[in-house]
Each structure stands twice: as C-alpha cells, then as structure tokens.
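# Output the structure for:
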Amino acid sequence: MYTFQFDAACELLDIRWQGPFTPLAVADYARKLKSRFIAEGFRPGYLLRMDMTDSFVQPREVLGAFYESFYDFPKARRIAIVTPSAVARMQVRRIMTQPYLRIFETAGPALDWLLEPELV
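The predicted structure is shown next:
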C-alpha cells in the first residue's frame, strides 16, 4: 500500500502510495512513518516527495484520519506531490495548502525541484 525511504544525505523523505487507504491503514502508516522518522534522525526542514501515481483519490473519512494522524508531524521545507490525475491534484490543492508545496505529473521533475538550491 505504501513505501517510504529516507535519504539522510539529501534530507529527503521519499514516499510512494499504491492504492486506496482505510482509516485503519492510515493509523498503521502514521505509526510506522513517525517511528522511522525519529530513528533516521530526521528533523523539521526536510524535503518530502509523495508519489501518488499509483494511488487513488482518498475517501473523506480517510482524509480525516490523515489529518488526525499527521497534524503534529514535523514540517518539511519543500513538498513535491506526484500525480498525473487531475482529480487527485484538486484534492491535494484543497487539503494541502502549504505555500512550499508543488504538484508534478512525474517523479523526476519533482525530485529536481526539491533538490534545487534555494534562493535566500
């Protein structure tokens, strides 16, 4: 249903979803992700790529479960969402309003944007 990788050298949390979630699956996912985040020594200000290419638009009760499970998760400095689905992009824009978030149709350009040097 999901995979995640931590790349400490780039401070990148790379997540890939496959298929729809249930509220119970969200709780399991959140517990595992939070545990690994701490174990990997990640801190606020990391980079996040979420590849939803093989995922579906999530039901309303699942969105609520995500909010409850992640409202206090450490904040990224950049978020790249990957989805070719116009409906999923609309859902992401409605739910995730961070100004440091961008949506991409493919994973490569998303990673390129995340790793671009930041202008100060």
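# Next, residue 14: secondary structure please.
strand (DSSP: H, G, I helix; E, B strand; the rest coil).
# For beta bridges, what are the partners of it?
Using DSSP bridges, the bridge partners assigned to residue 14 are residue 5, residue 49.
# check contacts around it.
4-7, 49, 51 (CB atoms under 8 Å, 6 or more residues apart in numbering). Placement of C-beta: from N, CA and C, glycine included.
# Now with 10 Å, please.
Residue 14 sits next to 3-7, 47-51, 80, 107, 110-111, 114 when contact means CB atoms under 10 Å, 6 or more residues apart in numbering.
# try residue 112
80, 104.
# and stretch 50-64, average pLDDT?
Average pLDDT, stretch 50-64: 91.
# Not counting sequence-adjacent ones, nearest residue to the spatially most central residue of the chain?
By CA atoms, centre = their mean, the mean C-alpha position of the chain lies nearest to residue 50, the distance being 3.7 Å. Using CB to CB, 6 or more residues apart in numbering and skipping the chain neighbours, the partner closest in space to residue 50 is residue 15 (4.8 Å).
# How many residues are close by the one you found?
17 (other CB atoms under 10 Å).
# Residue 12 too?
By other CB under 10 Å, neighbour count at residue 12 equals 20.
# Kindly report the same for the one 4 residues further on.
One way to gauge burial is a neighbour count; for residue 16, by other CB under 10 Å, it gives 18.
# next one: residue 61
11.
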